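S.K.: What follows is a predicted structure for the sequence shown.
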Amino acid sequence: MRLFRSYNRKSGGTRFGKERGGLLLLLFCAAALLCLLFMEPGRDAGNPVEAEGALEVHFLDVGHGDSTLILCGEYAMMIDCGDDTQGVKLQSYLREQGVEKLEYLILTHPDKDHIGGAPAILTGVPTGQVFLPDYVKGSGTEEILHETLKQKGIVPLMPEVGAVYQLGEARFTILAPSGVYEESNNSSIALLLRFGENTFLFTGDAEKEAENDMVDNSRKPGLSLRADVYQVGHHGGKSSSKKKFLNAVSPAFAVISCDDQGEKENPDEEVLKRLREAGVKVRRTDMQGTIVAYSDGKNIVWNCEPYF
């Protein structure tokens, strides 16, 4: 079985599945060097983890799929849950991070590699608001999700573009979907998370059509795409992260959530080329496991160095 790589903020080190005893001291010592080793150029050398209300964004290694845990002070939210093999692992990860409740669970679109683990999360973790796009795929995975929501008495919300939600001292703005699309991917919920001066963009599997709509909308007040960190759309697939869109986002950093088992041809070489030519520092879950970004509202530090 493929091990779920996780970052434990209590020890401050990177864990690979079931590492034990002797490595803990090494990991603890390594953690003390993280802010110095992986501080991005021009950043302050302080440790944002110690700042009150600091933001943590955990890009979880769920293979070919997406799942992101966001922590801000005592508040938590999750974007997507990987496929149905990931639910129990995600439950364990949330327990390790001390998460007792999710304020929001955002399921960007009904593909199985984004919603498959959601029933396990909904069953095991008290959850406030659940967001879903107004798109029905009609899959068995989707049926299980809706049955679980019904059992928990949760009515999912289809958020409107421009709506703003609070997560502790952070807030996020809904950027998509802004229209009706024929495909599930373009129906993805997209959002911009802001904490102080730092911003993080999540677009699910949005492809060229939806990206173009977001670029057009970005000219409107409150719908800017500019982000420090961009979770690369559709696992780095060639149908997303087009040049026009990347120019509008202008990210300094990017994270690609993708598989290392060779089942999918992601990330696409052309996407990697565009990111490299734009000077974006890229990290990949297939190469580096779970990736964690820390923000104190001004500076961003990471638990690993860039892939390039």
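M.R.: Yes, it's here.
S.K.: Are we agreed that residue 275 is in a helix?
M.R.: Yes - counting by DSSP: H, G, I helix; E, B strand; the rest coil, residue 275 is located in a helix.
S.K.: okay but it is in contact with residue 245, surely?
M.R.: No - taking CB atoms under 8 Å as the definition, residue 275 is not a contact partner of residue 245, at 11.7 Å. (Glycine included, C-beta is placed from N, CA and C.)
S.K.: what stretches of this structure score poorly on pLDDT?
M.R.: Within the chain, the stretches with pLDDT under 70 are 1-53, 260-264.
S.K.: Residue 62 versus the spatially most central residue of it, what's the distance?
M.R.: Ranked by distance to the mean C-alpha position of the chain (CA atoms, centre = their mean), the top residue is residue 68 at 3.4 Å. Distance, residue 68 to residue 62, by CB to CB, to the nearest Å: 10 Å.
S.K.: How about residue 201?
M.R.: 19 Å.
S.K.: same question, residue 216
M.R.: As judged by CB to CB, residue 216 and residue 62 stand 32 Å apart.
S.K.: all helices in the stretch 201-308 of the chain, in order from the N-terminus.
M.R.: 208-217, 243-249, 269-277, 285-288 (DSSP state H, counting those that start in this stretch).
S.K.: Give me the buried stretch members for stretch 147-155, please.
M.R.: Buried residues in stretch 147-155, defined by neighbour count with 16 or more other CB atoms under 10 Å: 148, 149.
S.K.: Export that stretch to PDB, keeping only CA atoms.
M.R.: Provided in PDB are the C-alpha atoms of stretch 147-155 (Å, rounded to 0.1, in the frame of the first residue of the first chain):
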ATOM      1  CA  GLU A 147     -26.000  10.100   1.000                       C
ATOM      2  CA  THR A 148     -23.400  11.000   3.700                       C
ATOM      3  CA  LEU A 149     -24.300  14.700   3.600                       C
ATOM      4  CA  LYS A 150     -28.000  13.700   4.000                       C
ATOM      5  CA  GLN A 151     -27.100  11.500   7.000                       C
ATOM      6  CA  LYS A 152     -25.200  14.300   8.600                       C
ATOM      7  CA  GLY A 153     -28.000  16.800   8.000                       C
ATOM      8  CA  ILE A 154     -25.700  19.000   5.900                       C
ATOM      9  CA  VAL A 155     -27.100  21.000   2.900                       C
END
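S.K.: from the middle of its chain, how far away would that stretch be?
M.R.: Here stretch 147-155 is found 24 Å from its chain centre; the criterion is CA atoms, centre = their mean, to the nearest Å.
S.K.: Which residues does that stretch contact?
M.R.: Identification of contacts with stretch 147-155 by CB atoms under 8 Å, 6 or more residues apart in numbering yields 118, 119, 122, 123, 127, 130, 156.
S.K.: again, only this time at 7 Å
M.R.: With contacts defined as CB atoms under 7 Å, 6 or more residues apart in numbering, stretch 147-155 is touched by 119, 122, 123, 127, 130, 156.
S.K.: With neighbour numbers in mind, choose between residue 201 and residue 62.
M.R.: residue 62 (31 against 23; other CB atoms under 10 Å).
S.K.: With residue 206 as the reference, measure out to the residue nearest to residue 281 when sequence neighbours are not counted.
M.R.: Spatial nearest neighbour of residue 281, excluding adjacent residues (CB to CB, 6 or more residues apart in numbering): residue 306 at 4.1 Å. Counting by CB to CB, the gap from residue 306 to residue 206 is 24 Å.
S.K.: more crowded one of the two?
M.R.: residue 206 (30 against 16).
S.K.: tell me the contacts of the closest residue to the more buried one other than its chain neighbours?
M.R.: Sequence neighbours aside, residue 188 is the residue nearest to residue 206 in space, at 4.5 Å (criterion: CB to CB, 6+ apart). Residue 188 makes contacts with 108, 109, 133, 176, 177, 203, 204, 205, 206, 210, as judged by CB under 7 Å, 6+ apart.
S.K.: What strand or helix carries residue 172?
M.R.: Residue 172 belongs to strand 170-176 when assigned by DSSP states H and E.
S.K.: pull the CA atoms of that strand into PDB?
M.R.: The C-alpha trace of strand 170-176 is given here as PDB (Å, rounded to 0.1, in the frame of the first residue of the first chain):
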ATOM      1  CA  ALA A 170      -7.700  34.900   7.100                       C
ATOM      2  CA  ARG A 171     -10.400  35.200   4.500                       C
ATOM      3  CA  PHE A 172     -11.100  33.800   1.200                       C
ATOM      4  CA  THR A 173     -13.000  35.000  -1.900                       C
ATOM      5  CA  ILE A 174     -14.900  32.800  -4.400                       C
ATOM      6  CA  LEU A 175     -13.600  33.400  -7.900                       C
ATOM      7  CA  ALA A 176     -15.400  30.600  -9.900                       C
END
